[in-house]
Every structure is written in C-alpha cells, then in structure tokens.
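*Asks:* any chance you can model this:
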Amino acid sequence: KWIRMQSPNFQAYSSAGERDTRDTLRCFERVRDFFLQLDQREPEKPLPVYVVVFGSEKEYAPYRLNEFATAYYFGGADRDYIVMGRPGEQVAQLAVHEYVHLVARHAGLGGTGEFGRRRGH
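*Replies:* Purely as a prediction, here's the structure:
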C-alpha cells in the first residue's frame with residue numbers, strides 16, 4: 001500500500017509505512033536545515049523535492065540504477081527526486097548523501113548530462 005506524506009519541504013511517496021515515512025521526512029528536514037545553516041540563506045525559489053521510499057528491497061529492485069545502489073538522486077527541470085530502498089538504520093546516511101547531490105547540482109557543482117543529474121549509490 002502506497003501512502004503520501006508531506007513535511008514543510010519534502011513530499012514522500014512510500015510503501016514503507018507511516019512511521020518509517022515520517023522518520024524519513026524528519027531526517028531530510030534536519031539535513032536541509034543543516035545545509036541552510038552553512039549557507040545562511042534560503043534558496044530563492046526551491047524546487048519541490050519528492051522522496052520515494054520503498055518498503056522492501058524486493059519492491060525497490062526493479063527501480064534501482066544498479067545492484068549496489070541503495071538510493072539515488074535525480075534532478076529534473078522542475079523538481080528533484082530522491083529514491084530510496086527500504087528505510088532503516090542507514091536512513092540518515094542516505095539522506096545526507098543524496099541531499100549533497102541535490103545541493104551540489106543547485107550550486108552548479110554537479111556534472112553535466114545524465115550522469116551529472118542521476119547518481120546511484
């Protein structure tokens with residue numbers, strides 16, 4: 001069963017359940033706040049960030065970029081996506097790692113072409 005949950009800056013689509021989804025959104029909000037404290041300014045017009053959280057590795061498998069990718073970031077023209085395999089202990093690490101890709105892209109530090117916009121880890 002898929003659910004949709006929203007926090008102030010993220011929208012999640014998840015099959016991981018309410019608790020795990022809420023925890024994941026809280027984690028992304030903390031990571032975002034950390035980066036805003038470093039930069040000391042709000043983004044001019046932030047793009048919507050959609051987080052897709054799969055409830056199991058089996059559900060995630062058809063969508064993963066490669067056999068090692070536990071999550072990935074994809075920056076589109078009008079929104080950003082972070083796709084994650086099942087949540088768990090490493091949610092904080094994944095959130096930080098994938099959000100760094102988002103920040104780097106918006107700062108003009110990402111690569112060019114598909115590889116620069118879509119990274120799987």
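*Asks:* what's near enough to touch the residue nearest to Ser56 when sequence neighbours are not counted?
*Replies:* Once flanking residues are discounted, Ser56 sits nearest to Arg86: 5.3 Å by C-beta to C-beta, 6 or more residues apart in numbering. (Glycine included, C-beta is placed from N, CA and C.) By C-beta atoms under 8 Å, 6 or more residues apart in numbering, Arg86 lies in contact with Ala16, Val53, Phe54, Gly55, Ser56, Glu57, Glu59, Tyr60.
*Asks:* are any of those residues buried, and if so which?
*Replies:* Listed as buried from those are Ala16, Val53, Phe54, Gly55, Tyr60; burial here means 16 or more other C-beta atoms under 10 Å.
*Asks:* tell me which element the first one is part of?
*Replies:* Read it as Ala16. Secondary structure from DSSP states H and E places Ala16 outside every helix and strand.
*Asks:* and the gap between it and Ala61?
*Replies:* Distance of Ala16 to Ala61, given as C-beta to C-beta, to the nearest Å: 15 Å.
*Asks:* same thing with the third one?
*Replies:* Look at Phe54 and Ala61: by C-beta to C-beta, they are 9 Å apart.
*Asks:* ok, back up a step: can you give me the pLDDT of the residue nearest to Ser56?
*Replies:* What the model reports as pLDDT for Arg86 is 78.
*Asks:* can you list phi and psi of it for me?
*Replies:* phi -60, psi 140 (degrees, to the nearest 10).
*Asks:* do the same with the one 5 residues further on
*Replies:* When quoted as degrees, to the nearest 10, the phi and psi of Val91 stand at phi -60, psi -50.
*Asks:* surely it meets Arg26?
*Replies:* No: in this structure Val91 lies outside contact range of Arg26 using C-beta atoms under 8 Å: 9.5 Å.
*Asks:* tell me which of these two has more neighbours.
*Replies:* Val91 (20 against 14; other C-beta atoms under 10 Å).
*Asks:* for the more buried one, which residues are in contact?
*Replies:* Val91 neighbours (C-beta under 8 Å, 6+ apart): Asp23, Thr24, Cys27, Met84.
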